[in-house]
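Colleague: sequence and predicted model, in that order:
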Amino acid sequence: MAAKEVGQKAVVINTNSAERQEPQWFIPTLKGKKVIIRLVSGGQPVTGIIEGYNPYEILLQTTAKGQLLVFKHAIATIEIVGEPKRYKSDI
């Protein structure tokens, strides 16, 4: 463990890799599911199945245009198709 001075408080940073916990992300739970993506710029929403992702992009398989690459910073909302609104899934 390493200590780091922040103002007047000492913050302990755990550097042991065995004790690190990976944060749970939202996008991996959607892989293989049909979604509607609404963009910040407006326009028509994009519907497709999430095939892949990386820290900056999401790859969708659409019926009309084939594969479509969407930048994450351009996404306003992601909605799962087929689940009622306010539905609490196992995610």
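Modeller: Ah, there it is.
Colleague: flag the shaky bits of the protein, pLDDT-wise.
Modeller: Within the chain, the stretches with pLDDT under 70 are 1-24, 83-91.
Colleague: ranges for the strands of it?
Modeller: Along the chain, counting by DSSP state E, strands occupy 2-6, 9-13, 34-39, 46-53, 57-62, 66-71, 75-80.
Colleague: TSV for those strands, including mean neighbour count and distance to residue 25?
Modeller: Every C-beta, even on glycine, is put in place using the N, C-alpha and C of the backbone. What follows is the strands of the chain, written out as TSV (neighbours: other C-beta atoms under 10 Å; distance: least, C-beta to C-beta, whole Å):
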stretch	mean neighbour count	distance to residue 25
strand 2-6	8	26
strand 9-13	9	22
strand 34-39	16	15
strand 46-53	17	9
strand 57-62	17	12
strand 66-71	12	16
strand 75-80	14	12
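Colleague: so which of the ones you listed gets nearest residue 28?
Modeller: Closest approach to residue 28 among the strands of the chain is made by strand 46-53 (7.4 Å; C-beta to C-beta).
Colleague: thinking again about what came up before, any chance of the strands of the chain in JSON lines, plus distance to residue 28?
Modeller: Converted to JSON lines, the strands of the chain look like this (distance: least, C-beta to C-beta, whole Å):
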{"stretch": "strand 2-6", "distance to residue 28": "30"}
{"stretch": "strand 9-13", "distance to residue 28": "26"}
{"stretch": "strand 34-39", "distance to residue 28": "13"}
{"stretch": "strand 46-53", "distance to residue 28": "7"}
{"stretch": "strand 57-62", "distance to residue 28": "11"}
{"stretch": "strand 66-71", "distance to residue 28": "16"}
{"stretch": "strand 75-80", "distance to residue 28": "13"}
